[in-house]
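In: Got a predicted structure here, sequence first:
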Amino acid sequence: MATEKLKFKLQLSATYWDLPPIVEIIVNNKPYCTQTITSTKDAPQIIEFDQSFDEGQEVDLVIKRTNKNAKQTVVENSEIVKDQLLHINQIEIDEIDIGSLVYNGIYRPEYPEPWASQQAEAGNKPPETIKNSIDLGHNGTWTFSFGTPFYMWLLENLY
């Protein structure tokens with residue numbers, strides 16, 4: 001069976017006032033690295049690595065976001081005045097910017113307590129998954145799935 005070696009380049013940044021977000025990069029359940037993200041959108045942090053896959057394999061690129069507690073969101077007069085966010089600025093696979101395909105990623109937030117319980121009591125059910133989100137406000141996972149060979153998948157999914 002043929003294999004394909006892909007080069008990944010992720011550009012991530014953070015908005016925070018106290019504790020920065022921490023990310024763990026996972027590909028097909030294999031942890032690659034864990035990093036604290038302290039850079040800004042103007043000068044994002046770059047994470048690069050290579051990974052080999054069998055042809056015809058489905059791939060899940062996961063960004064697991066942690067290090068946010070209830071004290072990281074400060075609300076005054078019903079408005080958020082301080083917060084901690086993780087931003088996915090850009091993803092390249094094999095030196096190709098996936099562009100708007102980044103919005104196909106699925107974000108699974110882990111809603112904090114007591115907020116989640118308060119929402120449930122008020123009859124509001126926050127979504128279990130969020131699509132079209134590259135700004136991650138809650139701890140949780142963001143997953144971008146694609147198939148191999150990557151170039152064939154890309155051609156089939158560009159339009």
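Out: Now that the structure is in, tell me what you want to look at.
In: contacts and neighbour counts: CA atoms only from here.
Out: Fine.
In: now the strands for the protein?
Out: According to DSSP state E, the chain carries its strands in the segments 3-15, 22-27, 30-36, 45-54, 58-66, 74-76, 79-82, 85-93, 96-97, 106-109, 130-131, 135-136, 140-147.
In: a markdown table please, covering the ones you listed and showing mean pLDDT.
Out: A markdown table is the format used below for the strands of the chain (pLDDT from 0 to 100):
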| stretch | mean pLDDT |
| --- | --- |
| strand 3-15 | 97 |
| strand 22-27 | 98 |
| strand 30-36 | 96 |
| strand 45-54 | 96 |
| strand 58-66 | 98 |
| strand 74-76 | 90 |
| strand 79-82 | 92 |
| strand 85-93 | 98 |
| strand 96-97 | 96 |
| strand 106-109 | 98 |
| strand 130-131 | 96 |
| strand 135-136 | 97 |
| strand 140-147 | 98 |
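In: Of all those, which one is nearest residue 116?
Out: strand 106-109 (11.1 Å; Cα to Cα).
In: could the strands of the chain be laid out in CSV, adding distance to residue 118 and mean neighbour count?
Out: Shown next, in CSV, are the strands of the chain (distance: least, Cα to Cα, whole Å; neighbours: other Cα atoms under 10 Å):
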stretch, distance to residue 118, mean neighbour count
strand 3-15, 26, 19
strand 22-27, 26, 18
strand 30-36, 30, 14
strand 45-54, 35, 14
strand 58-66, 22, 20
strand 74-76, 15, 11
strand 79-82, 17, 11
strand 85-93, 22, 20
strand 96-97, 40, 14
strand 106-109, 16, 22
strand 130-131, 20, 16
strand 135-136, 21, 18
strand 140-147, 19, 19
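In: Can you add distance to residue 121 and give those back as CSV?
Out: Formatted as CSV, the strands of the chain follow (distance: least, Cα to Cα, whole Å):
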stretch, distance to residue 121
strand 3-15, 30
strand 22-27, 31
strand 30-36, 35
strand 45-54, 39
strand 58-66, 26
strand 74-76, 20
strand 79-82, 21
strand 85-93, 26
strand 96-97, 43
strand 106-109, 19
strand 130-131, 21
strand 135-136, 24
strand 140-147, 22
